[in-house]
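**Q** sequence below, structure please.
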Amino acid sequence: MKGMVPVLIKILQQVVDGKLPKGYSYHGTPAPWIQIRCLQIMAQLGHDDLSASSTMTPVVLLTFHKARQGVDAAFGILFEVIKTLNCFHLDIILELVQSRDVAQNPLLVISKFATASNQNLKYLGIAMLCQVHPTAWSDTWWNDQLLAGVVEALDSRDKTIQRKALDLLYRMLTYENSENIIDRLVHAFYQEQAPPTTHGNYHTEIDGTDVLSRAQSKTLVQDASSSSSSSKSPHRQRHYRTHQEKILAQILDASERFGKSEGWYVDLIFDLLQAGAVVTMRIAEKFMRVFEHGPASPAFSVDYLRPLAVQKALDVMEQANYLLDQRSLAYFALWVLGEYADATKGGPTSIMVVLSRCLVMNQDPLVVAWTLTALTKVVLRIASPVPEVITYLVRSTVLGAASYDASYPTSMVMDAQQRAQEFLLVAEMAS
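**A** Residues are numbered from 1 along each chain as shown. The predicted structure is shown next:
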């Protein structure tokens, strides 16, 4: 594939120099689709290859200078040039951004688009910013005018611009600015499904200026430049069914890596689990892995995180009168109580009482099955016999003939009954 480099350079050079017939031009731009396709292939060939990147950079810059003189399709070429240069070996873009001359630093053109009054051009400018490699952020091209453009985009009435600005914030995430940016992401997550409101203990009424306008331009540049070293996982291109799912994935990643306190993280988890169908049981399992293996944030201590989660689960259940109608919330809360029952002041015995109430209040066989699993785990942790009232409750409510609504699948009912038998066997052994 590397042998294609000279061929691509020659093709792109001929197109840019107008060697093709006029019929290939579009609004004065020579064969824009061929130029874009050549740039895309070059981006792949030059990735992490300094020699190939250095060879292709002159023709890419020539393409940039020619496109600056055009409109419409030429703007798409400018976007592709920015993207290609940031895909090349890192040394290339780092060398280019040192210059304050637009002839040598293509990133200087971004301001023209990001601050434009035309909504399409503004979107293109924000999209260009999203393509810039984190270590290439420098005050040679980032300025107060660009900062104002990003702040304005966050509160734009145009959802596409607002969403692209959120993507940019996510790319700029560091430990220092994480709290404000995650607040903004959470706010956007709820905005996708409902008007602004307060959700649980996590307030989401945020204005875009809270995130950026109070920050100094230079600080943001430093934060963005350090984000690549702070982040353990790259910003992968993933496909989501809805934009809300995408924001949720960003929140999960950002909160685990850059969360600043255990209490804040636990509140966020439980509020998200009550957000609706978009937070699935698979998401709940991601939270479980954090509690099992420990979060990536240096500010978190698992020994402190687990007791807080147990207490939060107890509080949520009490507020709901132990009726858990959201399966993802029930799945996680009951798992926490079963795994870390000894992390609470009341100890496993108090957890057994709570789980018994859940058995009485819930008819969903899945919730009942999870409750029984949690009860079984708790029994294995106590040294004393299981109270007879609990074993009687399990027999009467779970193994009773008319325990469940006929609308539930038989397989779910049988699973709950099987777990009830397992619990009773463990309880008998503990007596």
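**Q** how about the residue at minimal distance from the centre of the chain: what's its closest non-neighbour residue?
**A** The residue lying closest to the centre of the chain (CA atoms, centre = their mean) is residue 250, at 1.0 Å. Nearest in space to residue 250, with sequence neighbours left out and distances taken as CB to CB, 6 or more residues apart in numbering, is residue 170 at 4.9 Å. Using the backbone N, CA and C atoms, a C-beta is placed for each residue, glycine as well.
**Q** helices or strands next to the host helix or strand of the one you found in the packing?
**A** Element membership for residue 170 (DSSP states H and E) is helix 159-171. Counting contacts by 3 or more CB pairs under 8 Å, 6 or more residues apart in numbering; DSSP states H and E, helix 159-171 packs against helix 119-131, helix 144-154, helix 178-191, helix 243-258.
**Q** any idea which of those gets closest to residue 431?
**A** In terms of CB to CB, the element of the helices and strands packed on helix 159-171 nearest to residue 431 is helix 243-258, at 41.7 Å.
**Q** now do the contacts for the residue nearest to residue 158 when sequence neighbours are not counted.
**A** Distance criterion CB to CB, 6+ apart; nearest residue to residue 158, sequence neighbours excluded, is residue 119 at 5.2 Å. Counting by CB atoms under 8 Å, 6 or more residues apart in numbering, residue 119 makes contact with 156, 158, 161.
**Q** pull the longest helix from the protein.
**A** Determined from DSSP state H, the single longest helix within the chain is helix 410-430.
**Q** outside of it, which residues touch it?
**A** Under the criterion CB under 8 Å, 6+ apart, residues 365-366, 368-369, 372-373, 375-376, 379-380, 382, 384-386, 390-391, 394-395, 398-399, 403-404 lie in contact with helix 410-430.
**Q** please identify the buried residues of it?
**A** Neighbour-count burial for helix 410-430, counted by 16 or more other CB atoms under 10 Å, picks out 412-413, 415-417, 419-420, 423-424, 426-427.
**Q** what of stretch 260-276?
**A** So, applying 16+ other CB under 10 Å, buried residues of stretch 260-276: 260, 262, 264-273, 275.
**Q** then stretch 369-382?
**A** Neighbour counts over stretch 369-382 (16+ other CB under 10 Å) mark 369-379, 382 as buried.
**Q** return the closest of these with respect to residue 92.
**A** For these, the residue nearest residue 92 by CB to CB is residue 370; the value is 53.6 Å.
**Q** burial of the residue nearest to residue 250, as a residue count?
**A** Using other CB atoms under 10 Å, residue 170 has 22 neighbouring residues.
**Q** isn't it right up against residue 182?
**A** No. The criterion here is CB atoms under 8 Å, and residue 170 misses it with residue 182 at 9.5 Å.
**Q** now list whatever residues contact both of the two.
**A** The contact sets of residue 170 and residue 182 overlap at residue 254 (CB under 8 Å, 6+ apart).
**Q** returning to that earlier point: in contact with the residue nearest to residue 250, which residues?
**A** Each residue near residue 170 by CB under 8 Å, 6+ apart is listed here: 181, 185, 235, 250, 254.
**Q** can you pull the contacts of the last one?
**A** The neighbours of residue 254, taking CB under 8 Å, 6+ apart as the test, are 170, 173, 178, 181-182, 185.
**Q** and if we set it to 6 Å?
**A** By CB atoms under 6 Å, 6 or more residues apart in numbering, the contact set of residue 254 is 173, 182.
**Q** about what we covered before: could you dump the helices and strands packed on helix 159-171 to JSON lines with mean pLDDT and distance to residue 70?
**A** As requested, those are exported to JSON lines (pLDDT from 0 to 100; distance: least, CB to CB, whole Å):
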{"stretch": "helix 119-131", "mean pLDDT": "93", "distance to residue 70": "14"}
{"stretch": "helix 144-154", "mean pLDDT": "86", "distance to residue 70": "22"}
{"stretch": "helix 178-191", "mean pLDDT": "88", "distance to residue 70": "35"}
{"stretch": "helix 243-258", "mean pLDDT": "90", "distance to residue 70": "32"}
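**Q** reformat those as JSON lines; add distance to residue 81.
**A** Putting the helices and strands packed on helix 159-171 into JSON lines (distance: least, CB to CB, whole Å) gives the following:
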{"stretch": "helix 119-131", "distance to residue 81": "9"}
{"stretch": "helix 144-154", "distance to residue 81": "18"}
{"stretch": "helix 178-191", "distance to residue 81": "28"}
{"stretch": "helix 243-258", "distance to residue 81": "26"}
